[in-house]
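# sequence first, predicted coordinates after that:
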Amino acid sequence: MTQQPDLSQVPPSVLPATAIALDSAQLLLEKGDLAGAGNRIFVGLMHQLTNHLSKFGYEMHLFEDVVATAFIAPENQLSGELKELIKKVTDHTQCADSENYVMSEDATANALIAAKKIVANLLTETQLVQTSEADMPQDTDDGESVDTTADIEAEEVGQIPANLEEFEISDKNDQPIIVPWDFTELSGMALKHALELTKEMKRPILLLHIVKKNSEIPAATKQLNQVVSKIQSDFGVTISYIVKEGNIFTDISEVADSHEAEMVIMGTHGIKGMQKITGSWALKVIIDTKAPFIVIQEKPQDSKIDNVVIPITHIRDLKKILNEVRLLDKYFHPTFHLVRTDKFSTDTQKKQAISNFVFVKSFMKQTNMKYTDNEMKGVKSYYDAAIMVAEKVKADLIMVLTTKDIQLQDYMMGAEEQKIIVNASKIPVMCINPMQVHAYSVGALMR
């Protein structure tokens, strides 16, 4: 008989994301879904391990980074015994969502027991870490404002010109602009945004309607035929539609990826039907998609994109946003307003933010783009600073890079990107994923 782990013994101070993932793993194990259980074991362990290792100043953006960091951490940060146990668990559960997962029911149950043991020991070691200031990342004046002028000048001296081939944009004009459609006023607003963009971009528009049952497809198809015919008649654009059974959390992303969409334009503020995806719900839809999403809250205020705001954060892969910057510059030639702050939690964040700013600024100079530099002194949140600048310049768009490894508590409590998406000024927001999220990331928990 399989030994069932006793999760009631997991310490109460464990991260919520870890506790939920391990609890989910036990339920899936009992149902016989071994791959699903293995996935949750891995995700839960990664959250707690990330929390532990980050206390030593390590920067980790993907779960692979966490695993690699665990194995190189010195003994006083992670004991050899724990490393050995972590390796045994991650070697199998890291590929839990692939065909390579071959662990038996007993082995999966034992992995869950081992994960619980690792978590308990990490919590003990975390208490020891908190008594050792020498190993902690050093804060810059407890979050006080710092003068970054000299740091930026030094970074600019050694800045190497960007390889523009890395940021090429496609010349294909058949990549559609997808609009999730549910016959509501809000989806109509999203369509109006698509119509404005396609005036310059000359892209086809694809309406995507998702129904709960196959029996609903004929009626929806009849309605969409009428909608598409009227739009073609009124605007003379290339437009088509898809009606399929499914749900918004998987099918929007799947259709966008399979059609190599240029972008998806989606409405949010929680009216009804498919568009009821405020805040973190929108993040769930966006996070697994290669194409950028433009999230709107009202009809377009202008037919042009003249002012675009970009918060320059310390996220390592911020430069991935530049492909979409080039696309916007090609068709609209806007002014890009770079927004940065002078307050940082750690020296590491400060250095990465400066590096990102200098790279983006250098890139825009190199490609003759119009830009402004906006340092918001005394404002710690990049996103608060971005909204302030956006309101000042009457921005037509804000661009943000979504977090690659959004943790479960972000879905429950609200990630920073959520503040931008539901901004009170109702400015459209382009959300860009740095890369496709791996199957064993937190996105898998939401299925």
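Arrived safely. Since this is a predicted model, take the numbers as computed values, not measurements.

# residue ranges in the stretch 1-150 of the chain under the pLDDT threshold?
Regions of the stretch 1-150 of the chain meeting the criterion pLDDT under 70 cover residues 1-14, 61, 95-102, 124-145, 150.

# one more time with 50
1-12, 127-142 (pLDDT under 50).

# how about the helices of it, start to end?
Secondary structure of the stretch 1-150 of the chain (DSSP state H, counting those that start in this stretch): helices located at 16-31, 34-54, 63-72, 80-93, 105-129, 149-157.

# got a markdown table for those helices, with distance to residue 198 and mean neighbour count too?
For every residue, glycine as well, the C-beta is placed using N, CA and C. Supplementary listing: these in a markdown table, determined by distance: least, Cβ to Cβ, whole Å; neighbours: other Cβ atoms under 10 Å:
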| stretch | distance to residue 198 | mean neighbour count |
| --- | --- | --- |
| helix 16-31 | 40 | 20 |
| helix 34-54 | 39 | 25 |
| helix 63-72 | 38 | 18 |
| helix 80-93 | 45 | 16 |
| helix 105-129 | 49 | 18 |
| helix 149-157 | 38 | 13 |
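
# please name the spatially closest residue to residue 181 (chain neighbours excluded).
Spatially, and ignoring its direct neighbours in sequence, residue 181 is nearest to residue 207 (4.2 Å; Cβ to Cβ, 6 or more residues apart in numbering).

# go on, residue 238?
For residue 238, ignoring the flanking residues on the chain, the nearest one in space by Cβ to Cβ, 6+ apart is residue 204 at 4.0 Å.

# which ones are touching the one you found?
For residue 204, the contacting residues are 174, 176-177, 198, 237-240, by Cβ atoms under 8 Å, 6 or more residues apart in numbering.

# ok, now residue 391?
For residue 391, the contacting residues are 425, 427, by Cβ under 8 Å, 6+ apart.

# how much space separates the residue nearest to residue 238 from residue 174?
Separation of residue 204 from residue 174 (Cβ to Cβ, to the nearest Å): 7 Å.

# do the same with residue 168
To residue 174, residue 168 is 17 Å away according to Cβ to Cβ.

# and for residue 223?
As judged by Cβ to Cβ, residue 223 and residue 174 stand 26 Å apart.

# same question for residue 54.
For residue 54, the distance to residue 174 (Cβ to Cβ) stands at 44 Å.

# and the residue nearest to residue 181, that's in a helix?
No. Secondary structure of residue 207 (DSSP: H, G, I helix; E, B strand; the rest coil): strand, not part of a helix.

# tell me the pLDDT at the residue nearest to residue 238?
We have a pLDDT of 96 for residue 204.

# re earlier: quick one, which of residue 223 and residue 174 is more surrounded?
Taking other Cβ atoms under 10 Å, residue 223 and residue 174 do not tie; residue 223 has more neighbours (15 against 12).

# double-check that the more buried one belongs to a strand.
No. Checked against three-state DSSP, residue 223 lies outside a strand; its state is helix.

# run a quick neighbour tally on the closest residue in space to it that isn't next to it in sequence.
Of all residues beyond its chain neighbours, the one nearest residue 223 is residue 183 (6.7 Å), with distances taken as Cβ to Cβ, 6+ apart. Using other Cβ under 10 Å, the number of residues around residue 183 comes to 13.

# and what of residue 226?
By the other Cβ under 10 Å criterion, the neighbourhood of residue 226 contains 9 residues.

# strands of this structure, start to end?
Using DSSP state E, the strands assigned to the chain run over residues 177-180, 205-211, 239-245, 263-267, 293-296, 307-311, 335-341, 370-376, 397-401, 429-432.

# is it possible to get a markdown table of those strands that adds mean neighbour count?
Formatted as a markdown table, the entries for the strands of the chain read as follows, by neighbours: other Cβ atoms under 10 Å:
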| stretch | mean neighbour count |
| --- | --- |
| strand 177-180 | 26 |
| strand 205-211 | 22 |
| strand 239-245 | 17 |
| strand 263-267 | 27 |
| strand 293-296 | 26 |
| strand 307-311 | 27 |
| strand 335-341 | 22 |
| strand 370-376 | 16 |
| strand 397-401 | 24 |
| strand 429-432 | 24 |
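
# of those strands, which approaches residue 60 most closely?
If you check each of the strands of the chain against residue 60 by Cβ to Cβ, strand 397-401 wins as the nearest, at 16.4 Å.

# what residues does the closest one touch?
With contacts defined as Cβ under 8 Å, 6+ apart, strand 397-401 is touched by 294, 305, 307-311, 313, 315, 317-318, 320-321, 324-325, 328, 334, 383, 386-387, 390, 417, 420, 423, 427-434.

# likewise stretch 190-197?
Stretch 190-197 has contacts (Cβ under 8 Å, 6+ apart) with 177, 179-181, 203, 205, 207, 231, 235, 237, 265-267, 294, 296, 299-300, 303, 428.

# distance of residue 163 relative to residue 110?
Look at residue 163 and residue 110: by Cβ to Cβ, they are 48 Å apart.

# no wait, residue 217
As defined by Cβ to Cβ, residue 217 lies at a distance of 46 Å from residue 110.

# ok, residue 182 next?
Taken as Cβ to Cβ, the spacing of residue 182 relative to residue 110 amounts to 46 Å.

# ditto for residue 42
Distance, residue 42 to residue 110, by Cβ to Cβ: 14 Å.

# my read: residue 107 touches residue 93, true?
No. With contact taken as Cβ atoms under 8 Å, residue 107 and residue 93 are classed as non-touching, separated by 10.1 Å.

# find the centremost residue of this protein, please.
residue 402 (3.0 Å; Cα atoms, centre = their mean).

# so it touches residue 429, yeah?
No. Residue 402 lies out of contact with residue 429 (Cβ under 8 Å); the separation is 10.4 Å.

# how about low-confidence regions in the stretch 301-447 of the chain?
Counting by pLDDT under 50, the stretch 301-447 of the chain contains low-confidence residues at 405-414, 436-447.
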